[in-house]
Structures are given as structure tokens and as C-alpha cells.
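> Provide a 3D model corresponding to the input given below.
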Amino acid sequence: MADNSYIQRRSEIETYFDRTASDAWTKLTSNAPVSRIRQTVRAGRDEMRSTLLSWLPDDLRGCRVLDAGCGTGAVAVELATRGAQVLAVDLSATLIDIARERLPSDIGEGHIDFEVGDMAALATGEFDHVLAMDSLIHYDVADGIEVLNSLAPRVSKSMVFTHAPSTVLLEIMHATGKLFPRGDRAPAIQPVSPKRLDRMIASQKTLQSWERGRVARINSGFYISQACELRRQ
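This next block holds a predicted model:
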């Protein structure tokens, strides 16, 4: 996980969430009023978060879970309230600070370690589950799969993640985003068709002992994302 495309994109993502869009993401992930467009994004993210969490056991006591790209911590908190020991990693120190500030005083039997940095590099040790919501979508598809490759040998049960499905609407939104001034642009997402993603995953020797599980597409206005599940056989 050290090729130039991955490193360059990682730097762009860190800059965007740490500086350019930190205020916008603070509002988006709260109950603060937002524009109609961002309301659709908030609703889509809420639905996606619920979907991914529904694919993990309600009782996670005794489990260690990686929240890869944890943002402001909503997923990590839910995992901890189910009893999980959570490693929550994000490139953005700003978002991690918000996550720590928002951490409820009582999360039951679970525990969260928030860490700033690269999700692949900091994900040390063994995990029962990995959850990566909208954290791989900004990387080249091959780089995103390489992240899964690097994690797979140390995950005993499942990896659930999202990707940007290649659709006409998403391609238009992607192209339109390039019209904004460079300083206002979010890091470009990398759409991929589900069939191509399946072929790429199937070609990975490390992932051949994993089976494709559930899929679900969330389409909410300006939020389009597809959830995928990989289960260890």
C-alpha cells in the first residue's frame, strides 16, 4: 500500500476533510440545518450506516472490529454499544477530534480507540469484522481492493464496505464536480460497475477464501453508494 497513486490520493483526502470541508462535514454529521442537497446526502448516509450495521451481529461482545475511515464516529459508537472493542481510524485529525468530543459517556461494555492515520497501516492485530463506509470510494478501485487484500489475512469473519456504483447519474455528478474551482472540490470518487468489482475481487488470491455476501444500493438524491459484504468461508 505504498504506490504513488494511493499516497497522492491519501494526501488529497486528508487535506479535504481536515481543512477544506471540515465545517461542512461537522454540520452534515450532526442535526444542524443543511441545504436540501445535503439533506439527501445525510439521509443516504444514515440509511447506508444502518444497512452496514445490520449485517453485523447485534451482540459483538468479545469481538474486535476495525472502523476504517470512521469520520466523526457514529459507526464506532454503535459498534461499541453492541460490546465491540473498536479500532476507529481516519486520516483527518479534525474529524477524529469531533468523534472524541461526541463520544457518549456510557457506551456499555464496548471500547473505542480513535487513531489518526492510514487505515491499512494502523490496522494492526487481528479483527473479527471490518467496516469501511464510504472510505474506499475516493481511491483507485485497484488500490481499494489492495486495502482489502492487506486486511483479509487478519480478519476472521467479515468485511463490509461500500463502493461507488457506475451509473449514468453518478457519472454526470462526477463530471459536474470537475467544474467547481479546485479548492472547492471534494476528492473525486472512483465509480466501478458491480460486475467489474466482482471480477477484480475474484482475481485476488488473498480473497479467494472469501465469498460474496449481501449487496445493497442506497440512492438518495446526491448520495449513491453500494454496500458489499465479504464473508470468510
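> rest of the way, CA atoms for contacts and neighbours
Noted.
> do I have it right that Leu136 meets Ala164?
No - at 9.0 Å, Leu136 does not count as touching Ala164 under the criterion of C-alpha atoms under 8 Å.
> confidence score at the residue nearest to Leu103 when sequence neighbours are not counted?
Leaving aside its chain neighbours, Leu103 sits nearest to Val77 (7.1 Å; criterion: C-alpha to C-alpha, 6 or more residues apart in numbering). pLDDT for Val77: 98.
> can you tell me which residues contact Val77?
Leu103, Pro104, Ile107, Ile112 (C-alpha atoms under 8 Å, 6 or more residues apart in numbering).
> look up how far Val86 lies from it.
Between Val77 and Val86 the distance is 9 Å, computed by C-alpha to C-alpha, to the nearest Å.
> can you check which residues contact both of the two?
Residues touching both Val77 and Val86 (C-alpha under 8 Å, 6+ apart): Ile112.
> if we can go back for a sec, export the contacts of Val77 to TSV and tack on pLDDT, neighbour count and distance to Thr26?
Below are the contacts of Val77 laid out as TSV (pLDDT from 0 to 100; neighbours: other C-alpha atoms under 10 Å; distance: C-alpha to C-alpha, whole Å):
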residue	pLDDT	neighbour count	distance to Thr26
Leu103	98	15	14
Pro104	97	11	17
Ile107	96	17	21
Ile112	98	23	20
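> reformat those residues as a markdown table; add secondary structure.
Formatted as a markdown table, the contacts of Val77 follow (DSSP: H, G, I helix; E, B strand; the rest coil):
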| residue | secondary structure |
| --- | --- |
| Leu103 | coil |
| Pro104 | coil |
| Ile107 | coil |
| Ile112 | strand |
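> among the residues you listed, which one lies nearest to Ala21?
Of all those, Ala21 sits closest to Leu103, with 21.3 Å by C-alpha to C-alpha.
> mind checking how far the closest one is from Asp113?
Distance, Leu103 to Asp113, using C-alpha to C-alpha: 11 Å.
> so which residues of the protein form strands?
Taking DSSP state E as the criterion, the chain contains strands spanning 64-68, 85-90, 111-116, 127-132, 155-163, 210-220, 223-232.
> run the angle between the second one and strand 64-68 for me.
What it means is strand 85-90. 10 degrees (axes from the mean of the first three to the mean of the last three C-alpha atoms, to 10 degrees).
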